[in-house]
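Q: All I have is the shape, not the residue letters:
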C-alpha cells in the first residue's frame, strides 16, 4: 500500500467517526436543554441509530454491492448528510428536528460498512495494515469530544441554553469535506455476483442456522438484552454528567474511547487465558459495575466513580461486543461469515437498541424531579439490574461446547481492531 493510499484511507476513517462523535455524544444534553424535550423524545432521537442499522443492509445490498462504486455512494451520502445536519442545527423544536436526524441516520449508518469495504479492497494484507487505519476513526471520535469540551459548548447560559447547536454545524462541515474527499478515494467498484439478491441475503438470514447451536442462541438473546442498558449510556450519560456538574463532559467521555483502544490491545492475551465464556461474562459484569458507579457517583467526593464508569467503556464494549463478533465469526462457515455479522449487528444495534431507547426515555421521565433535575441514583440502578439479570442467565445457561477457546495466535490485534466500533 502506497503512502498516498494510506493517507487517504486514514483521513477517511478520521472524518467518518469525527462526524458521528461531533454530535451524537451530546445529543441528549442538546435536546433537553435547547429544545426542552422529554426523556422519551431523547430516546426516540437515539433510536434513529437503530432504524438506520436496520435499513443499512438494504442500501448496501441493493446499491453498493450491485450497481455503483463504494466511494461514490459514500460521497453522495455524506454530502446529503451535511445538508441534513445543517438543517437540524436550525430546528426550532423537536418536531422540526426529528425528521432531519432520522433521515440523516438512515443515510449515515450504511457509510460505516462502506468505509470498511473501501479500506479492505485496497489493502494487500488486511491483518497487518487495517489496524493502523481503523484506529484513526477512534481518534476522530476522541478529537470531536475534546473539541466540544475545549470550546465549552456544553456550558449553559442564564436561560439554561447551551451552544451545542454548533456541534451539528461542525459535523455538517466535516461531512461536506468527507463527501467531496470521497470522490478522490481509490476506486472501489461493485463485485459482480451471480444470481439475484434475495431478502435473505440482505438481512443475513443464512446465519439463522447458528441459532440451532444452543449456546449461540443464549449468546444471541443476551446480546439483544444487554443492548437495553447500553441505550441508557448512549442516550443519557452526557445529560447526567452535565447535570451533576462535570466540566467539559463530552471531552471527559472521550476517555471511554481511549480505554477502548487500550483494551483492544489486550484482547489476544485475554482470549488465550480466559476463553469465550469468561470474556463475555466479564464484559456484562462491567456494565453492572459501570452503572453502579454512575448511581453513586457525583461531582464532589465520588467524582472518581464517574471517571471509573467512563473508563470501563473499554471492558464493557470490547469484552462483550468485540468478543461476540469474534465468537460469531468463529462459528460461522466460510460462506456465511458476512451474513452472520450482519445478522448479529441488526439484532443488537437494530432490535436491542431500539427497545432500550424507548424504555430508557420512559424511565428517565418517570424519575424527573423539580425543574430539569432527575433522580439519577434510581435511574442508573435500573440498567444495572437489567445487566445483572442478563449476566446471571448467561452464566447459568451458556456452555460453549462447540467452539474451543481461541488462542492468541488465532486472534490477532488487527483482527480484533477490525471489529472495533465506537
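A: Sure thing, it's come through. Worth saying up front: this structure is predicted, and the values here are computed from it rather than measured.

Q: any idea how far residue 117 lies from residue 143?
A: To residue 143, residue 117 is 24 Å away according to C-beta to C-beta, to the nearest Å. Placement of C-beta: from N, CA and C, glycine included.

Q: do residue 241 as well
A: For residue 241, the distance to residue 143 equals 19 Å [C-beta to C-beta].

Q: And these two? Which one has more around it.
A: Neighbours per residue, other C-beta atoms under 10 Å: of residue 241 and residue 143, the larger number sits with residue 241, 25 against 18.

Q: Excluding chain neighbours, what is closest to that one?
A: Nearest non-adjacent residue to residue 241, counting by C-beta to C-beta, 6 or more residues apart in numbering: residue 249, 3.9 Å away.

Q: So the one you found sits against residue 255, correct?
A: No. Between residue 249 and residue 255 there is no contact under C-beta atoms under 8 Å: 10.9 Å.

Q: And those two? Which one has more around it.
A: Higher neighbour count among residue 249 and residue 255: residue 249, with 25 against 16, using other C-beta under 10 Å.

Q: who's in contact with the residue nearest to residue 241?
A: By C-beta atoms under 8 Å, 6 or more residues apart in numbering, residue 249 lies in contact with 26, 29, 149, 154, 238, 241, 242.

Q: Next step: these restricted to helices.
A: Secondary structure defined by DSSP state H assigns 29, 149, 238, 241, 242 of those to helices.

Q: could you pull out the helices for the stretch 251-400 of the chain?
A: With DSSP state H, counting those that start in this stretch, the ranges of helices along the stretch 251-400 of the chain come out as 255-296, 303-311, 313-317, 323-331, 337-345, 353-366, 376-397.

Q: Distance to residue 44 and mean pLDDT added to those helices, as CSV?
A: Compiled in CSV, the helices of the stretch 251-400 of the chain are given as follows (distance: least, C-beta to C-beta, whole Å; pLDDT from 0 to 100):
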stretch, distance to residue 44, mean pLDDT
helix 255-296, 22, 87
helix 303-311, 25, 94
helix 313-317, 24, 87
helix 323-331, 27, 74
helix 337-345, 21, 64
helix 353-366, 7, 89
helix 376-397, 17, 95
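
Q: between those, which one is nearest to residue 231?
A: In terms of C-beta to C-beta, the element of the helices of the stretch 251-400 of the chain nearest to residue 231 is helix 353-366, at 2.8 Å.

Q: Which elements pack onto that closest one?
A: Judged by 3 or more C-beta pairs under 8 Å, 6 or more residues apart in numbering; DSSP states H and E, helix 353-366 is in contact with helix 39-46, helix 48-59, helix 214-243, helix 376-397.

Q: Quick one: these as a markdown table, columns for distance to residue 186 too.
A: Below are the helices and strands packed on helix 353-366 laid out as a markdown table (distance: least, C-beta to C-beta, whole Å):
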| stretch | distance to residue 186 |
| --- | --- |
| helix 39-46 | 34 |
| helix 48-59 | 21 |
| helix 214-243 | 33 |
| helix 376-397 | 42 |
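
Q: contacting residues around the host helix or strand of residue 82?
A: Assigning secondary structure by DSSP states H and E places residue 82 in helix 70-89. Around helix 70-89, the neighbours that count as contacts under C-beta under 8 Å, 6+ apart are 19, 23, 63-64, 97, 100-101, 103-104, 107-108, 110-111, 114-115, 117-118, 121, 165-166, 168-169, 171-173, 175-176, 178-183, 185-190.

Q: which among these end up buried?
A: Among those, those classed as buried by 16 or more other C-beta atoms under 10 Å are 19, 23, 63-64, 97, 100-101, 103-104, 107-108, 110-111, 114-115, 117-118, 165-166, 168-169, 171-172, 175-176, 178-179, 181-182, 185-186, 188.

Q: Which of those fall in helices?
A: Short answer: the buried ones among the contacts of helix 70-89 in helices (DSSP H) are 19, 23, 97, 100-101, 103-104, 107-108, 110-111, 114-115, 117-118, 165-166, 168-169, 171-172, 175-176, 178-179, 181-182.

Q: which sections of the stretch 51-200 of the chain are below the confidence cut-off?
A: Scanning the stretch 51-200 of the chain for pLDDT under 70 picks out 57-66, 125-131, 191-200.

Q: let's see 90
A: Applying pLDDT under 90 to the stretch 51-200 of the chain flags residues 51-71, 73, 109-139, 142, 145, 149, 152, 154-160, 186-200.

Q: ok, now which ones touch residue 285?
A: Contact partners of residue 285, counting by C-beta under 8 Å, 6+ apart, are residue 391.

Q: Now do it against residue 390, distance only.
A: Taking C-beta to C-beta as the criterion, residue 285 is separated from residue 390 by 10 Å.

Q: Next, count neighbours for residue 262.
A: Residues near residue 262, counting by other C-beta under 10 Å: 12.

Q: Can we start the residue count at 4 from this point?
A: Taking 4 as the first residue, the last one we looked at is residue 265.

Q: Return the distance of residue 135 relative to residue 141.
A: Per C-beta to C-beta, residue 135 is found 12 Å from residue 141.

Q: now residue 39
A: Plainly put, residue 39 is 33 Å away from residue 141 if you go by C-beta to C-beta.
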